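Participant: no sequence for this one, just the structure:
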């Protein structure tokens, strides 16, 4: 199928955590902190829920991950502090999306395959309890940047309808998502192995690399996917997204690549606005209420 390649204005490289927008703040959302979706190594796996005052019935999971490290921060920082303009999370909530900020087991103790397993469980758990959050279990999206983008792609390309013979009722539920937005994502993990010292999460058996790489998982039942990448990214080259776009297109999965000219592994203010608006439009298109 034909795909679209966007062109944007380059800007200064800054963190993807806060994305600027032109919309005004809506009513203050309801925040549910530290929902436990699983346990491992004596610790709890958690996510925060941000519920809009007027929900549209769709949910979006944000992969809290950088270098496959999942930091904790008070969710109020992103939703209740007085920002000059709404950030990416606030924009989604302003438009009625319930946002789930999902944390996974972090490196150096846990590796990439562990993080993939954790976020799979998070999707299953959220779907199982979707009605508790006024969310349609068949209208779930996911987004993330860098390692979070990789995890988003893994959910979009290699999920299942549940594991019926599992003794864990959570695993009986599907971990599929209906839309993906992945920013500067690694699509073939083995290509990052030279950076194992810098990113301890990559210190696992190379025999497992393909199983946790989205590129070789591309198939016709994958979720519609928007990729966003800077063409000057020296950490995760844009070729990761270009090949991912090609693989998804070849199996007729709706996909687009937003190319940010001059941007590295992180986007400037103008590019971030374009990225954010494209993300909202993508979720609006593929998570809209079914008639």
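Facilitator: The structure has been received and is ready for your questions. Computed from a predicted structure; not experimentally measured. Residues are numbered from 1 along each chain as shown.
Participant: distance between the ends of stretch 105-117?
Facilitator: Distance between the boundary residues of stretch 105-117 (C-alpha to C-alpha, to the nearest Å) amounts to 10 Å.
Participant: repeat for stretch 42-61
Facilitator: 24 Å.
Participant: what separates that stretch from the chain centre, distance-wise?
Facilitator: When C-alpha coordinates are averaged (C-alpha atoms, centre = their mean, to the nearest Å), stretch 42-61 and its chain have centres 13 Å apart.
Participant: Check which residues of that stretch are buried.
Facilitator: By neighbour count on 16 or more other C-beta atoms under 10 Å, the buried set for stretch 42-61 is 45-52, 55-61. Just so you know, the C-beta spots here come from the backbone N, C-alpha and C atoms, and that holds for glycine as well.
Participant: wait, which of those residues is closest to residue 118?
Facilitator: residue 45 (5.7 Å; C-beta to C-beta).
Participant: which phi and psi does the closest residue to that closest one other than its chain neighbours have?
Facilitator: The shortest distance from residue 45 to any residue other than its chain neighbours is 4.2 Å, reached at residue 38 (C-beta to C-beta, 6 or more residues apart in numbering). The phi and psi values for residue 38, taken as degrees, to the nearest 10, are phi 180, psi 170.
Participant: Residues contacting stretch 64-83, please?
Facilitator: 18, 25, 28-29, 31, 33, 48, 50, 87, 89-90, 93, 101-107, 110-112, 115, 144-148, 151, 198-199, 201-202 (C-beta atoms under 8 Å, 6 or more residues apart in numbering).
Participant: Put the buried members of these into a PyMOL selection.
Facilitator: Applied in PyMOL, the following selects the buried portion of the contacts of stretch 64-83 according to 16+ other C-beta under 10 Å:
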select buried, resi 18+29+31+48+50+87+89+90+93+101+102+103+104+105+106+107+110+111+112+115+144+145+146+147+148+151+199+201+202
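Participant: Keep only those of the contacts of stretch 64-83 that are in strands.
Facilitator: 31, 33, 48, 50, 101-103, 144-145 (DSSP state E).
Participant: does the residue nearest to residue 45 really touch residue 124, like I thought?
Facilitator: No. Contact status for residue 38 versus residue 124: not in contact, 9.4 Å apart, counting by C-beta atoms under 8 Å.
Participant: And the strands in this protein, which stretches?
Facilitator: Per DSSP E, the chain has strands spanning 5-7, 30-40, 43-51, 59-64, 98-103, 140-145, 179-183, 225-230, 255-260. These are given in chain order.
Participant: Quick check on the residue nearest to residue 134 when sequence neighbours are not counted: phi, psi?
Facilitator: When the adjacent residues along the chain are set aside, residue 134 lies closest to residue 55, with 5.1 Å between them (C-beta to C-beta, 6+ apart). Here is the backbone geometry of residue 55 (degrees, to the nearest 10): phi -70, psi 150.
Participant: so who does residue 55 touch?
Facilitator: Contacts of residue 55 (C-beta under 8 Å, 6+ apart): 96-98, 134-135.
Participant: and if you look at residue 102?
Facilitator: 37, 47, 61-64, 119, 122 are the contacts of residue 102 under C-beta under 8 Å, 6+ apart.
Participant: and of those residues, the nearest to residue 223?
Facilitator: The closest of the contacts of residue 102 to residue 223 turns out to be residue 61 (C-beta to C-beta; 12.0 Å).
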